[in-house]
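1. Got a predicted model here, sequence first, then my questions.
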Amino acid sequence: MTEEQPPEVKAEAREFMKGLMSAPPSDEFVGGNGIDMAAWKFTYKAATSKDSALMEKFWSIYDPKSTSIWTMVYDEADSNENLDDTVEIVKDFMKKTESLNSHCFGVMHTLEGLEIEGLWVFNGPDPEQLFGANDDTSWYSWNQIGPE
């Protein structure tokens, strides 16, 4: 598992990430209520299979003018040594994100080579609230998908 970094290193990484995310949102982003995350999470958990029918439900509630979609990739995957420790990294990340339940929805996976990847939906133009709530976000590269 990766070694714990000193607070000043984490602060510097968070500041760097904040700088990457501070670009102004697109002119098309107008805000609004976004997705009812509680309802979406219920729908997602209740789905017996994660198939095209579920994705059709998602796209029916997605509004690129009030919601953004982001991918994440763990930058320190080469230091992951075993599956159990890597899964713990994911569990810990998700636990630290619980305070933002009404703001975001994320799915993270541990892949065969012990890489960690995820897909997130945020009410708002970027994951800045998540960056503030979860220090571990600085260990991931974040890229926006869409809104096209």
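-> Yep, it's here.

2. Going by C-alpha atoms from here, please, whenever you check contacts or count neighbours.
-> OK.

3. Distance check, the closest residue to K50 other than its chain neighbours against V121.
-> Distances taken as Cα to Cα, 6 or more residues apart in numbering put Y44 closest to K50, at 7.9 Å, once the chain neighbours are dropped. Remark: distance between Y44 and V121 (Cα to Cα, to the nearest Å) = 13 Å.

4. Equivalent analysis for S99, please.
-> In terms of Cα to Cα, S99 sits 15 Å off from V121.

5. So the two - more neighbours on which side?
-> For S99 versus V121, neighbours defined as other Cα atoms under 10 Å are more numerous around V121 (24 against 13).

6. got the contact list for K91?
-> Contacts for K91 were tallied using Cα atoms under 8 Å, 6 or more residues apart in numbering; there are none.

7. about what we covered before: so the residue nearest to K50 touches L54, yeah?
-> Yes: using Cα atoms under 8 Å, Y44 is in contact with L54, at 7.4 Å.

8. re earlier: beyond whichever strand or helix holds the residue nearest to K50, next helix or strand please.
-> Here Y44, judged by DSSP states H and E, is contained in helix 37-46. Remark: after helix 37-46, the chain's next helix or strand is helix 52-61, criterion DSSP H and E.

9. can you give me how far that next one is from the chain middle?
-> 19 Å (Cα atoms, centre = their mean, to the nearest Å).

10. how much does it deviate in direction from helix 37-46?
-> For helix 52-61 against helix 37-46, the angle by axes from the mean of the first three to the mean of the last three Cα atoms, to 10 degrees is 170 degrees.

11. and helix 52-61, what's its mean pLDDT?
-> The average pLDDT for helix 52-61 rounds to 89.

12. likewise stretch 79-89?
-> 94.

13. Would you mind listing the buried residues in that stretch?
-> Across stretch 79-89, burial judged by 16 or more other Cα atoms under 10 Å covers N80, L83, T86, V87, I89.

14. Tell me who's in contact with the residue nearest to the spatial centre of the chain.
-> For the chain, the residue nearest the mean C-alpha position is W120 (3.8 Å; Cα atoms, centre = their mean). By Cα under 8 Å, 6+ apart, the contact set of W120 is I69, W70, T71, M72, C104, F105, G106, V107.

15. So it: helix, strand or coil?
-> At W120 the chain is in strand, as set by DSSP: H, G, I helix; E, B strand; the rest coil.
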